[in-house]
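Asks: The following block contains a protein sequence and its predicted model.
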Amino acid sequence: MTESRDSDDEQLAPSTPHRRTSKLAIVGAGAVGSTMAYAALMRGAARTVALYDINSAKVNAEVLDLGHGIQFMPMAEVVGSDDIAVCADADVVMFTAGAKQKPGQTRMDLAEATISLVRKVLPSLVEVAPDAVYVMVTNPVDIVTYAALKLSGLPPTQLFGSGTVLDSSRLRYLIAQQTGVAVQNVHAYIAGEHGDSELPLWSSASIGSVPLLEWNGLGEHGPLTAQVRDDIAREVVESAYRIIEGKGATNYAVALAGSRIIEAILNDERRILPVSSLLDDFYGISDVCLSVPAIVGAQGVGDRLAVPMSVDELAGLRRSADALRSVAQQFGL
């Protein structure tokens, strides 16, 4: 005779614990924000992706469009709203909202409108997601990051900017094209401002294990002469302007760069990335947000790497810091 299970057995059965999953919040459903949501979903960066934008029709349409493709992505949920509560309890907040850069307009021209927006939105974000790591993406990212730190009161480890992660990717792409090797084998950073005063750190760059400055070329690909290096550096700076002139915005590469930062945080990778953070006596540079290679993990941005620099590179980094400090003072920061 089969015995029936009584109610006590039901009570003794172990309950399934609720497991917290990763949540990414993206502020701004424009070209950069919506593409970043797409990139993060495609890469499986987070279990929940939340889009926030004051334009209800736009954010709902983006969420619907992304949701229709969930079947073809790693398992995830995408939500969106014009209510900032959609960002509640996020692990990472990517701030992409801001004035759109127009053809011929510099990133610094955008500062006033963007800082005003940050002042309005950031306190409410911190209220609903106090423990999140905040990554500012909106341009001019270095000034916006500095302003956000002042306005939010968050520690400088918890809030930083996307910095020159994208610029460094552009640099590596151009070096790979010039040398005929895979971009994954090129190791080089852009430091300083994410903008016109940024500079490549040639002295610490390498191709494979060969120092870049000692690269003699392979086959039909010649050496990286001073002229070639100058052309590459200029192209890194000017390429964004050309993309904006041609199609109105840069969105694909910046979204992929942003996804790399997101993964470094959520997976606690301690990855070295050239993000924009508040420096404190980095080669004598303090009280300014600019990009240098730094450790990025679950706690945000950690130690900065004292990468070898030539006299000219260090002078360029200091000029970049002075330029950003001057702009910050203009805005009373």
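Replies: Sure, I can see it. This one's a predicted model, so the numbers in the text were calculated from it and none came from an experiment. Numbers count the residues shown, from 1 in each chain.

Asks: So what does the most centrally placed residue in the chain have for phi and psi?
Replies: Most central in the chain under Cα atoms, centre = their mean is Ser162, positioned 3.0 Å from the mean C-alpha point. Here is the backbone geometry of Ser162 (degrees, to the nearest 10): phi -70, psi -20.

Asks: can you pull out the helices in the stretch 51-200 of the chain?
Replies: In the stretch 51-200 of the chain, the segments counted as helices under DSSP state H, counting those that start in this stretch are 56-67, 111-128, 141-152, 165-179.

Asks: can you list those in TSV and add distance to Glu245, mean pLDDT and mean neighbour count?
Replies: All C-beta atoms are positioned from the backbone trio N, CA, C, and that covers glycine. Below are the helices of the stretch 51-200 of the chain laid out as TSV (distance: least, Cβ to Cβ, whole Å; pLDDT from 0 to 100; neighbours: other Cβ atoms under 10 Å):
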stretch	distance to Glu245	mean pLDDT	mean neighbour count
helix 56-67	24	97	17
helix 111-128	20	92	18
helix 141-152	20	95	26
helix 165-179	16	97	22
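
Asks: So Ala129 is in contact with Asp89, correct?
Replies: Yes - using Cβ atoms under 8 Å, Ala129 is in contact with Asp89, at 6.2 Å.

Asks: Same drill for those two, tell me which one is more crowded.
Replies: Neighbours were tallied for Ala129 and for Asp89 using other Cβ atoms under 10 Å; the higher tally belongs to Ala129 (22 against 15).

Asks: what's the distance between that one and Gly300?
Replies: 13 Å (Cβ to Cβ, to the nearest Å).

Asks: what does Tyr241 give?
Replies: Distance from Tyr241 to Gly300, by Cβ to Cβ: 31 Å.

Asks: neighbour count winner among those two?
Replies: Gly300 (23 against 17).

Asks: Could you list the low-confidence segments of the protein?
Replies: Applying pLDDT under 70 to the chain flags the ranges 1-20, 101, 104-108.

Asks: biggest helix in it by residues?
Replies: helix 226-247 (DSSP state H).

Asks: tell me which strands and helices that one is in contact with?
Replies: helix 165-179, strand 199-200 (3 or more Cβ pairs under 8 Å, 6 or more residues apart in numbering; DSSP states H and E).

Asks: dump the residue contacts of Leu125.
Replies: Residues near Leu125 by Cβ atoms under 8 Å, 6 or more residues apart in numbering: 25, 27, 84, 87, 93, 95, 134.

Asks: quick one: which two of those residues are the most distant?
Replies: Taking Cβ to Cβ as the measure, those span a maximum distance of 13.8 Å, between Ile84 and Tyr134.

Asks: ok, these two, which is more surrounded?
Replies: Taking other Cβ under 10 Å, Ile84 and Tyr134 do not tie; Tyr134 has more neighbours (25 against 17).

Asks: tell me the contacts of the more buried one?
Replies: 92-93, 95, 125-126, 148, 152, 154, 158-160.

Asks: any idea which of these is closest to Leu305?
Replies: After measuring those against Leu305 - Cβ to Cβ - the closest member comes out as Phe160, at 14.7 Å.

Asks: wait, doesn't that closest one sit right on Gly300?
Replies: Yes - with contact defined as Cβ under 8 Å, Phe160 and Gly300 form a contacting pair (6.4 Å).
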